[in-house]
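[1] Task: produce atomic coordinates for the following.
(one chain, ligands or ions: 1)
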Amino acid sequence: MELGQNEQSSGENSRSGTMPAASLTLLRTGEASQTVGEAQALFGHSVAGLAAIAESLGEKPYRGRQLADALYRQRQNDWAVMSTLPLSFRERLKQAGWTPGRPEIVESFRSVDGTERYLIRTGEHTVETVWMPDGDGAAEVDEPETQSERASALDTASRQEWKRATICVSSQVGCAVNCQFCLTAKLGLQRNLTAGEIAGQVVAVLDRHAVEINRNRINLVFMGMGEPFLNYDHFMAAVRLLKDEVGIATQRMTVSTSGIVPAIRRFAAEPERPRLAISLNAPNDAVRESVMPINRKWPIRELIESLCAIPFKPREKLTFEYVLLDGVTNRREDARELAALVRHSGLPAMVNLIAWNPGPGIAHSSPSQDSVLAFQQELLSAGIQTYIRRPRGRDIYAACGQLKRTTETGTAKSGTARPRGGAEEQAQ
Ligand code: SF4
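    Model (predicted):
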């Protein structure tokens, strides 16, 4: 979507004969870039893209690597502090219409449980990103800690409030999927985010918390606003940037999808990919269609078939996320049917249960704690690894299903979220 916008604006500039140098370079690199005021953002370009930009200004290609280090490893977002780059080069970049251009945190909300919710500005929009400090070791999908992470954990704990953390990232502004229990759905899709806008949320939050990427344990969940698999190319470009340039392993990333089958098939063929979570939320097509209209396009059988094509690694687990809506998806028979579905799929899967949090304008009810535990028990006794997600940041509207577009409703300052992921961590 952003590339299209760039192409369009380039065309317009071309016609009027005022195409900025930055736009000319974008056409050469083929990479999408967001606009920051009159300038184009460098943030989001690969090393190759940055090298091409440097070369277009008469510099050697190695300047691309220097630019990448400044933007992604040192997290510099201001020409004045990029002292590894010659002043003359910085000046030429500026004159050619480039700016560092990382998305910025413009507002933050802190929960009593330590969760922080941010509004991050990307161009003319803001998106939500959530920081969840996690010191209790509950995240079952994590890889074992590395030696340096273990060694630094005690040290870290003594000077910070957290030992490790999860960042929940948005992939679109709004969402077109229209899940009936989700407040983000009410926005509709406003636009896709570029790779730089997706990765930029992460780098902005890492910077805020002075995270040392090789010492602190950071997980990413692509479960914020939007359906990542309906913005697949930008999402995967962001994953590569976060892996190659920011230094976060793909095993530490989880992407959640509502079940976009063609994108799942592409995902299956990726040489390196994050872990996968499927927002399932119902044990059969009839119930799923009533809560997730997308099921009419890709019913459960087709979804499961696409998942079976993924070459899971030996210890890798697929997660089925399941929002419990009282009287709709949380009955005992639903649990039995879900257990049979998961078992018969043959997939290396586990289930995350999410007790739905009430939201304005959504005609569903939250399940009782007893019914959530009974549902879990039913699955456990069928041999299905099952966790209950503990809501995080309820007091700042950061818990799953609790956030909303409060700029419109006036209930809180701002925000949107959806029940399939967001500010929650799992506990058994
Ligand atoms: S739950 Fe996810 S996919 Fe469904 S409408 Fe909300 S943001 Fe979109």
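[2] all helices for the stretch 301-428 of the chain, in order.
    Here the stretch 301-428 of the chain has its helices, by DSSP state H, counting those that start in this stretch, at 332-345, 369-381, 406-409.
[3] out of those helices, nearest to Ala54?
    Relative to Ala54, the nearest member of the helices of the stretch 301-428 of the chain by C-beta to C-beta is helix 406-409, separated by 39.7 Å. The way it works is simple: take the backbone N, C-alpha and C, and place the C-beta from them, glycine included.
[4] average model confidence for the closest one?
    Averaging pLDDT along helix 406-409 gives 36.
[5] Stretch 95-108 too?
    In this model, stretch 95-108 has a mean pLDDT of 96.
[6] Grab the nearest non-local neighbour of Arg265.
    Computed as C-beta to C-beta, 6 or more residues apart in numbering, the closest residue to Arg265 that is not its neighbour in sequence is Ser306, at 5.5 Å.
[7] swap in Lys60?
    The shortest distance from Lys60 to any non-neighbouring residue, by C-beta to C-beta, 6+ apart, is to Ala54 (7.1 Å).
[8] circling back: among the helices of the stretch 301-428 of the chain, single out whichever gets nearest to the ligand.
    Evaluated over the helices of the stretch 301-428 of the chain, closeness to the ligand peaks at helix 406-409, with 16.3 Å, by C-beta to the nearest ligand atom.
[9] Give me the mean pLDDT for the strand ranked longest in the chain.
    Criterion DSSP state E: the longest strand present in the chain is strand 125-134. For strand 125-134, mean pLDDT is 92.
[10] ok, now stretch 386-396?
    Averaged over stretch 386-396, pLDDT sits at 80.
[11] mind checking how far that stretch is from the chain centre?
    Offset of stretch 386-396 from its chain centre (C-alpha atoms, centre = their mean, to the nearest Å): 17 Å.
[12] That stretch spans what distance, first to last residue?
    For stretch 386-396, the first-to-last residue distance is 27 Å (C-alpha to C-alpha, to the nearest Å).
[13] quick one, strands of the stretch 251-400 of the chain?
    For the stretch 251-400 of the chain, the strands defined by DSSP state E, counting those that start in this stretch cover 253-257, 275-279, 318-324, 349-355, 386-391.
[14] need the least confident one among those strands, by mean pLDDT.
    Looking at the strands of the stretch 251-400 of the chain, the bottom one is strand 386-391 with a mean of 89.
[15] follow-up on the earlier one: TSV for the helices of the stretch 301-428 of the chain, including distance to Phe109?
    Formatted as TSV, the helices of the stretch 301-428 of the chain follow (distance: least, C-beta to C-beta, whole Å):
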stretch	distance to Phe109
helix 332-345	34
helix 369-381	26
helix 406-409	10
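[16] can you list the domain ranges for the protein.
    Annotated domains of the chain cover 2-99, 104-427 [automatic domain parsing].
[17] okay, the ones you listed, which one's buried deepest?
    Of all the domains of the chain, domain 104-427 carries the top mean neighbour count, a mean of 20, counting by mean count of other C-beta atoms under 10 Å.
[18] Could you see whether the ligand lies near it?
    Yes. Counting by C-beta under 6 Å from any ligand atom, contacts between domain 104-427 and the ligand involve 175, 177-179, 182, 184-185, 226-227, 258, 279, 418, 420.
[19] Now do the contacts for the residue nearest the centre of the chain.
    By C-alpha atoms, centre = their mean, the chain has its centre lying nearest to Phe222, at 2.3 Å. By C-beta atoms under 8 Å, 6 or more residues apart in numbering, the contact list for Phe222 reads Val169, Ser171, Ile198, Pro228, Phe235, Met253, Thr254, Val255, Ser256, Pro274.
[20] Going by distance to the ligand, which of the residues you listed wins?
    Of all the contacts of Phe222, the one with the least separation from the ligand (C-beta to the nearest ligand atom) is Ser256, at 7.4 Å.
[21] Excluding chain neighbours, what is closest to the closest one?
    According to C-beta to C-beta, 6+ apart, the nearest residue to Ser256 is Ala277 (4.1 Å).
[22] show me the contacts for the one you found.
    The contact partners of Ala277, by C-beta under 8 Å, 6+ apart, come to 221, 223, 254-257, 318-321, 352, 420-421.
[23] mind checking the backbone torsions on Gln172?
    Backbone torsions of Gln172, given as degrees, to the nearest 10, read phi -140, psi 160.
[24] So the residue nearest to it when sequence neighbours are not counted: helix, strand or coil?
    Ranked by C-beta to C-beta, 6+ apart and with sequence neighbours excluded, the top spatial neighbour of Gln172 is Gly226, at 2.7 Å. On the three-state scheme (DSSP: H, G, I helix; E, B strand; the rest coil), Gly226 is labelled coil.
[25] Tell me the strands beside the longest strand of the chain, with direction?
    Applying DSSP bridges to the sheet, strand 125-134 is found paired with strand 116-122 (antiparallel), strand 164-168 (antiparallel).
[26] all helices for the stretch 151-300 of the chain, in order.
    Taking DSSP H, counting those that start in this stretch as the criterion, the stretch 151-300 of the chain carries its helices at 195-208, 232-241, 261-268, 285-291, 300-308.
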